[in-house]
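**Q** 3D model of this:
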Amino acid sequence: MPARDLEAAEDDVTAAKQAVTDEEAKQAKHDAAQTASDNANDAFTAALAKLNKTKKDAEGPLLLLQI
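**A** Purely as a prediction, here's the structure:
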């Protein structure tokens, strides 16, 4: 294999490695964004449940006052 072909093949390998690295970085960013979104949804759901419990707890005494 001539030296020029060998250099071209090495360049192709380097480009392929960079493409894989770029794709892995893109996937890692996507995974991090998905995790952040899931965590935000979990926090929102917990806050909503707490708010509903507080509302329910507050409604009990209010119903007694209406009697």
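**Q** where along this protein do the helices fall?
**A** All helices of the chain, identified by DSSP state H, fall at 3-66.
**Q** return the per-residue confidence for the spatially most central residue of it.
**A** Residue closest to the mean C-alpha point of the chain, counted by C-alpha atoms, centre = their mean, is Gln34 at 1.8 Å. Gln34 carries a pLDDT value of 98.
**Q** how about it, what does it touch?
**A** Neighbour list for Gln34: empty [criterion: C-beta atoms under 8 Å, 6 or more residues apart in numbering]. (C-beta placed from N, C-alpha, C; glycine too.)
**Q** Ala25 versus Asp12, what's the distance?
**A** 20 Å (C-beta to C-beta, to the nearest Å).
**Q** Glu59 too?
**A** From Glu59 to Ala25 the distance is 51 Å (C-beta to C-beta).
**Q** what of Gln18?
**A** 10 Å.
**Q** next one: Lys55
**A** The separation that Lys55 has from Ala25, given C-beta to C-beta, amounts to 45 Å.
**Q** can you check Asp57 too?
**A** Taking C-beta to C-beta, one finds Asp57 at 48 Å from Ala25.
**Q** do Gln34 as well
**A** As judged by C-beta to C-beta, Gln34 and Ala25 stand 15 Å apart.
**Q** what's the burial count for Asp31?
**A** Residues contacting Asp31 under the criterion other C-beta atoms under 10 Å number 10.
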